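> coordinates only, sequence not included:
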């Protein structure tokens, strides 16, 4: 049974899931608008920036390192925990840089928010996702700071058995895995529509 301190902090889980549901509905709405416009205008054609493949691989890798960080944290292998939580933060930052590089590729191709309908939706979807990812990056940075402030085993152990700290890592993990899954679904959606409408148009 959860202790009193953990119970008092459980509303944070509820708020996180509420935020995830709200964000999911927002993205669903944008995707629906895109699909509707495409249905009404068969001339919407586009090509996904190639670097998005690399960013997708990177964010999937970050979820794996976060999984191993959680496992190491529970098993009191704090050196492994610090390594994997650091890698997760690093991969998260690389993901954001690669997304920005994808935008640069689109701009160099002359695709802007105003002259290409499909490009506009790619900017909006990936941009909103980056805003969400930034929140995850900040949370991971906090987790990294906490991890490296306690290099001694005893300090790390005391930190790891504290229920609020366990809850913090669990919430960060839930949110980051959501960010990962969200991008994967968006990428698959964009890939599908790009395959149905190959090429570029303005």
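Yep, it's here. Note that the structure is a prediction, hence the values are computed from the model and not measured. Numbers count the residues shown, from 1 in each chain.

> quick one: furthest residue from the center of this protein?
Taking Cα atoms, centre = their mean, the residue of the chain most remote from its mean C-alpha position is residue 154, at 32.4 Å.

> now it: which helix or strand?
helix 153-160 (DSSP states H and E).

> residue contacts, the residue nearest to residue 63 when sequence neighbours are not counted?
In space, residue 63 comes closest to residue 180 once its chain neighbours are excluded; the distance is 4.4 Å by Cβ to Cβ, 6 or more residues apart in numbering. Using the backbone N, CA and C atoms, a C-beta is placed for each residue, glycine as well. Residue 180 makes contact with 59-60, 62-63, according to Cβ atoms under 8 Å, 6 or more residues apart in numbering.

> so how far is residue 113 from residue 180?
26 Å (Cβ to Cβ, to the nearest Å).

> same question, residue 77
From residue 77 over to residue 113 (counting by Cβ to Cβ), the distance is 47 Å.

> mind checking which of those two has more residues around it?
Between residue 77 and residue 113, counted using other Cβ atoms under 10 Å, the more crowded position is residue 77 (16 against 13).

> what about residue 158, how many neighbours?
12.

> please enumerate the helices of the protein.
For the chain, applying DSSP state H gives helices covering 4-9, 11-40, 51-74, 78-108, 117-149, 153-160, 163-196.

> flag whichever of those helices has the least confidence on average.
When the helices of the chain are ranked by mean pLDDT, helix 4-9 comes last with a mean of 49.

> let me know the closest of the contacts of residue 180 to residue 103.
Distances from residue 103 to the contacts of residue 180, taken as Cβ to Cβ, are shortest for residue 59 (16.1 Å).

> pull the contacting residues for that closest one.
91-92, 95, 179-180, 183-184.

> quick one: residue 117 and residue 35, what's the gap?
Distance, residue 117 to residue 35, by Cβ to Cβ: 12 Å.

> neighbour count: those two, which is higher?
residue 117 (19 against 13).

> give me the neighbour count for residue 159.
Neighbours of residue 159 (other Cβ under 10 Å): 16.

> again, but for residue 185
Count around residue 185 with other Cβ under 10 Å applied: 14.

> so how far is residue 82 from it?
Relative to residue 82, residue 185 is positioned 31 Å away (Cβ to Cβ).

> ditto for residue 166
16 Å.

> between these two, which has more neighbouring residues?
Shown here are residue 166 and residue 82; by other Cβ under 10 Å, residue 82 has more neighbours (19 against 16).

> wait, that one touches residue 148, no?
Yes. At 6.4 Å, residue 82 and residue 148 qualify as touching, with contact defined as Cβ atoms under 8 Å.

> give the full set of residues in contact with residue 141.
The contact partners of residue 141, by Cβ under 8 Å, 6+ apart, come to residue 89.
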